[in-house]
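Engineer: Return a 3D structure for these sequence lines:
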Amino acid sequence: MEKPIIGIISNRVFEEDRPFMTKTMFNETYPRRIIEAGGIPVGVIFSDNIFNTDVLDICDGFVFQGGSNIYSSNINAVHYALQKDKPILGICMGFQTMLGYEWVREEFGDTMPTYGEISDFFKPSDEVNFIEKKSGHDELDPFYLSQVDKSKHGVLVTPSSILAHIFDDTYLDMPSVHGFCAKDKILEGNRKHIFKVTGRSNDGNMEAIESVNPNWWAIGVQFHPELEDKNLPLFRALVSEAKIKKLRK
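Structural biologist: Residues are numbered from 1 along each chain as shown. You can find the predicted model right below:
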């Protein structure tokens, strides 16, 4: 059987008056893990932050990688994956992007937003509604892989979660490389949520979320599993789920 194609949602840096400083970037650790897990990595680029589904349509699953700013195209990609029932793994900023989608849905209420509505509505400045700066989670700066153990903290995982099943454990020791944490309020209240909290750090911060829909495989983690070989099972789980979706096409 053909290997599933895993789209990596790009990290974008934009400076309006400096075209050579406007860049689309991919961290090589993500395609490396996808290849090791048996998938084919493909870069997903939304030039000028213009969302389109052409490259998404050929993908069987997605990794939302870490980065610096969340754009409307990133939020739209989560919306697309939900609509098309394609599995996603969000890491660091990718995890935060999934929470950003929760906030967008809350703002629209019971009305399912369209791609165009999301593009017109969401701006990087809206991140303050679902994440906040917090110390103690980026102690190794600059980050060197040789010192990865110094960056780690514990993550307490819900026993019934997919994450606990993948690692066969409810306590994970993971690299922490982020200066912003999720605001709990984004997944609180009586509103019907898309995601649920399935992991927290030792100090209580949200570290993992999963889809509430058992038919849509979606996991977001604030930590960086791609930095260590031992976390390959998480990427294998994504690729395996993408294979299943590919067979059902």
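Engineer: gap between the residue lying closest to Phe121 once chain neighbours are set aside and Ile118?
Structural biologist: Spatial nearest neighbour of Phe121, chain neighbours left out: Val104 (6.8 Å); criterion: CB to CB, 6 or more residues apart in numbering. All C-beta spots, glycine's among them, are computed from the backbone N, C-alpha and C. Distance of Val104 to Ile118, given as CB to CB, to the nearest Å: 6 Å.
Engineer: any common contacting residues for these two?
Structural biologist: Counting by CB atoms under 8 Å, 6 or more residues apart in numbering, the contacts common to Val104 and Ile118 are Ile75.
Engineer: in the protein, what secondary structure element scores lowest on mean pLDDT?
Structural biologist: Lowest by mean pLDDT, DSSP states H and E among the helices and strands of the chain is strand 11-13, with a mean of 85.
Engineer: Mind listing what's buried along it?
Structural biologist: Neighbour counts over strand 11-13 (16 or more other CB atoms under 10 Å) mark Asn11, Arg12 as buried.
Engineer: what lines up beside it in the sheet?
Structural biologist: strand 23-25 (antiparallel) (DSSP bridges).
Engineer: what's next to stretch 153-164, contact-wise?
Structural biologist: Against stretch 153-164 from outside (CB under 8 Å, 6+ apart): 137, 167, 169-174, 176, 197-203, 207-208, 210, 217, 219, 221, 223, 234, 237.
Engineer: Look at it and report the distance between its end residues.
Structural biologist: From its first residue to its last, stretch 153-164 covers 17 Å (CA to CA, to the nearest Å).
Engineer: Now that stretch: buried residues?
Structural biologist: His153, Val155, Leu156, Val157, Thr158, Ser161, Ile162, Leu163, Ala164.
Engineer: In contact with the spatially most central residue of the chain: list those residues for me.
Structural biologist: Nearest to the mean C-alpha position of the chain, counting by CA atoms, centre = their mean, stands Gly90 at 1.5 Å. With contact set as CB under 8 Å, 6+ apart, Gly90 has these partners: Val63, Phe64, Val78, Gln96, Thr97, Met98, Ala218, Ile219, Gly220, Val221.
Engineer: Filter the residues you listed down to just the ones in strands.
Structural biologist: Val63, Phe64, Ala218, Ile219, Gly220, Val221 (DSSP state E).
Engineer: my guess is the first one contacts Ile6, does it?
Structural biologist: Yes - counting by CB atoms under 8 Å, a contact exists between Val63 and Ile6, whose distance comes to 6.1 Å.
Engineer: Give me the more crowded residue out of the two.
Structural biologist: Ile6 (30 against 25; other CB atoms under 10 Å).
Engineer: I'd guessed the more buried one sits against Gln65; true?
Structural biologist: No - Ile6 is beyond contact range of Gln65, at 11.2 Å (criterion: CB under 8 Å).
Engineer: before we move on, the earlier item: show me what the residue nearest to the centre of the chain is bridged to.
Structural biologist: Bridge pairing for Gly90 - DSSP bridges - gives Phe64, Gly220.
Engineer: pLDDT (mean, whole number) over stretch 220-230?
Structural biologist: Average pLDDT, stretch 220-230: 95.
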